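Peer 1: Need coordinates for the below:
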Amino acid sequence: MPGVAFNHVGHCVNDLERSRRFYEELLDFTFQRVISPPDEPSAQLLQMKPPIGMTACYLGRDGLVLELLHYADAETVQHGPRVMNETGLTHLSLSVDDIDAVCRRIPEYGGEVLADTNIGFGVFVRDPDGQLIELLPMSYREQLDQASS
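Peer 2: Have a look, this model is predicted:
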């Protein structure tokens, strides 16, 4: 549809530096920029009570922009682990060269491997804030690329 363009996906995090390390060092996202917008218009836009002390860090990977949102002055609301049949965005999906090698490193970056989801060619993990991430082999991505050619 003309007049529509994708911008980013927002992800609220408790510890911005920890989340940056997870996505940049482990999953090879690229840092783009950090902004700290003024409280009043941000609080109004986000329907939050000021002060919020928001910092937004933008990371990129394969055309996807992931916005890590951190609130220094507002209480971060905690929810239980997301499940796949909960309304709303469910997960991020990434293809990697070596699933086992990435999974071995997940705990050192504050994440968790959901070992019982390992079906031999895919597994779910959680980032440090509980966001579900599906890890698939690079061959899956290559098949998608070939199918769209």
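Peer 1: in the chain, which spans are helices?
Peer 2: 16-21, 39-46, 99-105, 138-147 (DSSP state H).
Peer 1: Tell me the helices and strands packed up against the last one.
Peer 2: With contacts defined as 3 or more C-beta pairs under 8 Å, 6 or more residues apart in numbering; DSSP states H and E, the secondary structure elements packing on helix 138-147 are strand 92-96. The way it works is simple: take the backbone N, C-alpha and C, and place the C-beta from them, glycine included.
Peer 1: circling back to that earlier point, kindly reformat the helices of the chain as a markdown table containing distance to N85.
Peer 2: Below are those laid out as a markdown table (distance: least, C-beta to C-beta, whole Å):
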| stretch | distance to N85 |
| --- | --- |
| helix 16-21 | 25 |
| helix 39-46 | 26 |
| helix 99-105 | 24 |
| helix 138-147 | 23 |
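Peer 1: Check the offset of the worst-scoring helix or strand of the chain on mean pLDDT from the chain's centre.
Peer 2: Sorting the helices and strands of the chain by mean pLDDT, DSSP states H and E puts helix 138-147 at the bottom, at a mean of 88. Chain-centre distance of helix 138-147: 21 Å, with C-alpha atoms, centre = their mean, to the nearest Å.
Peer 1: go on, stretch 107-116?
Peer 2: With C-alpha atoms, centre = their mean, you get 14 Å for stretch 107-116.
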